[in-house]
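Trainee: Using only what follows, build the 3D model:
(chains A and B)
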There are 2 protein chains.
Amino acid sequence: MHADEFGFGTQIRKSPYFDATVRWGAKGFSVYNHMYIPRDFGDPEQNFWNLVNDAILCDVAVERQVEITGPDAAKFVQMLTPRDLSKMAVGQCKYVLITNAQGGILNDPILLRLAENHFWISLADSDILLWAQGVAVHSGLDVQICEPDVSPLQLQGPKSGEIMRALFGDGIMDLKYYWLREMDLDGIPLIVSRTGWSSELGYELYLRDGSKGDALWERIMAAGLEFGLKPGHTSSIRRIEGGMLSYHADADIHTNPFELGLDRLVDLEMEADFIGKAALKRIRDEGVKRLQVGLVIDADPLRGPNTTFWQINKAGADIGKVTSAVYSPRLERNIALAMVATEHAHLGMQVEVVLPSGPCVATVVERPFFDPKKALAAA
Amino acid sequence: MHADEFGFGTQIRKSPYFDATVRWGAKGFSVYNHMYIPRDFGDPEQNFWNLVNDAILCDVAVERQVEITGPDAAKFVQMLTPRDLSKMAVGQCKYVLITNAQGGILNDPILLRLAENHFWISLADSDILLWAQGVAVHSGLDVQICEPDVSPLQLQGPKSGEIMRALFGDGIMDLKYYWLREMDLDGIPLIVSRTGWSSELGYELYLRDGSKGDALWERIMAAGLEFGLKPGHTSSIRRIEGGMLSYHADADIHTNPFELGLDRLVDLEMEADFIGKAALKRIRDEGVKRLQVGLVIDADPLRGPNTTFWQINKAGADIGKVTSAVYSPRLERNIALAMVATEHAHLGMQVEVVLPSGPCVATVVERPFFDPKKALAAA
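Mentor: Take a look at the predicted model:
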């Protein structure tokens, strides 16, 4: 493939790493936040093993940032999320949900606090830039909201720490899980954080100058060579093993935090009046009608992730849907995230999943499927 | 390709016509509003000739609708757009821009008025659902805003009128350009409008029940057989000939309506205080720094649309960028939409365009490149 010829016009943006990923073997791209994201470097199972045994470098420039600054920035950001941010320090990152007035989830980003009134919202796939600007219109708060020139890479896997040390020196080794630091790599301006979408030890490097994408990619690949670093892509296998959400698949505007068991991300008792608070109080009081569960599906190894939502039946009745399913070569079973009616969301419950090839038996199990305490990522 | 196996998980939605388009020969898909859209049925030039000589049926379910209802719906919708809606009748459609507080364009949808306080915004590629819900939060207006179960098809081309007559009878022939009608086709609930994205005679059929996508597609293809109807996709060639915008390519959040010459879509004198009014007044008074122009590029026929923004130079200085370029087999030249510094936006001006293969000479020309009065579409 010639990088120049790939694409349907300019309607979908290419990342600053696009040419580099093509050069390093990217064979297929998906689209996320109006940009191409490499999702295929050959064999997804090999990509998984590269991730869990060594390290991979992933172009996640599609994680667009919404930058919020101005005297009321902190107040405004708290308005956007049900998570209590009152103790969030400068230099800290937090996984948050963004909810609308009905308590529906609009995004599940990482929030970064760069300064007292300087935040980045590192997005999953929806235009929170428009949501935030829309909320600001009549808010009476003094904030500026824009999409800055920031393009993240993910360096993930057990060897990522050593590669970071090779790049930045010993000082980087004390960067704690879910903290960030402003760094400079041979004149390339970066924010570095101990975060990622793999449930492995990992870092994100937020490039602050899109013209230096190629240089940054090559610099990291060169430093990682001796540690077995491979170019890669976010791994559906590993993130489902880790029970991590993919927005639009496992959650959408009609999903509320309680259905996902994410009560820890909702503080209904805090004083701040975030958007969705009244609705979420009502939902909590009334109880949810469905819950996310883990499933093990008793079928031949799936050849890839499900591309439609598979219906789930119990005693002939439709009780829910499989949202994300994949074969884990490590666990040697088909694992899935699913949304089912509350009365069936019990460990050990057997249900029927309707695959394209026909119905199969599945069992409700604990999730995450692997390393449930996230000991690897938080190490 | 097996429809079941296509895709990267469930993160990107399939349209109600997805299986039908695969069955009818769709070979490649892009992503738009978080959904797959067929963009390849083989030869794009053949698709163009099918469109301009006969008719094509296109899956544009990606044109998601934002539905706005409630006692303040009309007032709220006017708040979203600089176009004066005070004379918009029930049953009418209007091409509008949605602008943010800075006057930047967030989308260029078709607005449909289904009832006094019942609107659909038929979207280009951005989450105006989030924008509208965000604006509503502190607006004090009584509106409901959701994405309804609506999935449009486009039936476009000179034979589309005859096919519509075959489907709906003589009554449909008096549907005027940019008007809509509620219809029922063998029990399939529809809104039908005389609109489209081709600059040809054309109709959009808004399916109001996603479970009937396959039936609707087959019904239309069967009726169109004798008129030469082909499955197809929105034609980059025809829309660039027609000077129609592709959002993110030719316009984005940093583009204002005046830069595109779309002054007719901005009414700064009306009483209503739409979002962006103050900023657009300032921009109008100060004058724009760049303008969209048409270009004819003197080079070998382009093999496809540009996939990056090509730099434009004049006397060695960077003066702008080509946003959309394509070879028109009818005009037998490379045509393009471009954004250039105002002082160079004069008909006949010669500039240098930097193609991947090297610099070429280009000339500023009138746009649209074909049928400038839209006589075909409005016939």
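Trainee: Just the terminal-to-terminal distance for stretch A:119-128.
Mentor: End-to-end span of stretch A:119-128 (C-alpha to C-alpha, to the nearest Å): 13 Å.
Trainee: What of stretch A:355-368?
Mentor: In stretch A:355-368, first residue to last residue: 22 Å (C-alpha to C-alpha).
Trainee: which parts of it are buried?
Mentor: Neighbour-count burial for stretch A:355-368 flags A:Leu355, A:Cys360, A:Ala362, A:Val364, A:Val365, A:Arg367, A:Pro368 (criterion: 16 or more other C-beta atoms under 10 Å in any protein chain shown). No exception for glycine: its C-beta is placed from N, CA and C like everyone else's.
Trainee: quick check, nearest of the residues you listed to chain B?
Mentor: Nearest to chain B among the buried residues of stretch A:355-368, counting by C-beta to the nearest C-beta, is A:Leu355 at 9.2 Å.
Trainee: residue contacts, the closest one?
Mentor: Contacts for A:Leu355 (C-beta atoms under 8 Å, 6 or more residues apart in numbering or on different chains) come out as A:Ile297, A:Ala299, A:Trp310.
Trainee: Repeat that for A:Thr195.
Mentor: By C-beta under 8 Å, 6+ apart, A:Thr195 lies in contact with A:Cys93, A:Ile110, A:Tyr178, A:Gly202, A:Tyr203, A:Glu204.
Trainee: same check, this time on A:Asn50
Mentor: Taking C-beta under 8 Å, 6+ apart as the test, what A:Asn50 contacts is A:Ile56, A:Gly157, A:Gly228, A:Lys230, A:Gly232.
Trainee: Helix, strand or coil: sort out the residue nearest to the spatial centre of chain A for me.
Mentor: For chain A, the residue nearest the mean C-alpha position is A:Trp197 (5.0 Å; C-alpha atoms, centre = their mean). Three-state call for A:Trp197 (DSSP: H, G, I helix; E, B strand; the rest coil): coil.
Trainee: which other residues reach the longest helix along chain A?
Mentor: Counting residues, the longest helix found in chain A (DSSP state H) is helix A:213-224. With C-beta under 8 Å, 6+ apart as the test, helix A:213-224 has contacts from A:15-21, A:24, A:55, A:57, A:59, A:61, A:151, A:153, A:155, A:159, A:163, A:166-167, A:185-186, A:188, A:190, A:205, A:207, A:229, A:231.
Trainee: In CSV: the contacts of A:Asn50, plus secondary structure, neighbour count and distance to chain B.
Mentor: Output for these, formatted as CSV (DSSP: H, G, I helix; E, B strand; the rest coil; neighbours: other C-beta atoms under 10 Å in any protein chain shown; distance: C-beta to the nearest C-beta, whole Å):
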residue, secondary structure, neighbour count, distance to chain B
A:Ile56, strand, 30, 17
A:Gly157, coil, 30, 21
A:Gly228, coil, 16, 26
A:Lys230, strand, 21, 19
A:Gly232, strand, 30, 15
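Trainee: Which two among those are spaced furthest apart?
Mentor: A:Gly228 and A:Gly232 (11.6 Å; C-beta to C-beta).
Trainee: just to revisit the earlier point, pLDDT averaged over the longest helix of chain A, what's the number?
Mentor: Average pLDDT, helix A:213-224: 98.
Trainee: Okay, buried residues for that helix please.
Mentor: A:Gly213, A:Ala215, A:Leu216, A:Trp217, A:Ile220, A:Met221, A:Ala223, A:Gly224.
Trainee: A:Leu57 against A:Leu229, yeah?
Mentor: Yes - if you go by C-beta atoms under 8 Å, A:Leu57 and A:Leu229 touch, sitting 6.1 Å apart.
Trainee: Run the chain-centre distance for whichever strand or helix holds A:Ile145.
Mentor: A:Ile145 is part of strand A:144-146, with elements assigned from DSSP states H and E. With C-alpha atoms, centre = their mean, to the nearest Å as the basis, strand A:144-146 stands 22 Å off its chain's centre.
Trainee: by contact count, what packs against it?
Mentor: Judged by 3 or more C-beta pairs under 8 Å, 6 or more residues apart in numbering or on different chains; DSSP states H and E, the packing partners of strand A:144-146 are strand A:65-69, helix A:128-137.
Trainee: okay, these in TSV with distance to A:Asn47, mean neighbour count and mean pLDDT next?
Mentor: Shown next, in TSV, are the helices and strands packed on strand A:144-146 (distance: least, C-beta to C-beta, whole Å; neighbours: other C-beta atoms under 10 Å in any protein chain shown; pLDDT from 0 to 100):
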stretch	distance to A:Asn47	mean neighbour count	mean pLDDT
strand A:65-69	25	23	98
helix A:128-137	28	26	98
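Trainee: Now tabulate the ones you listed in JSON lines and tack on distance to A:Asp174.
Mentor: Shown next, in JSON lines, are the helices and strands packed on strand A:144-146 (distance: least, C-beta to C-beta, whole Å):
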{"stretch": "strand A:65-69", "distance to A:Asp174": "25"}
{"stretch": "helix A:128-137", "distance to A:Asp174": "31"}
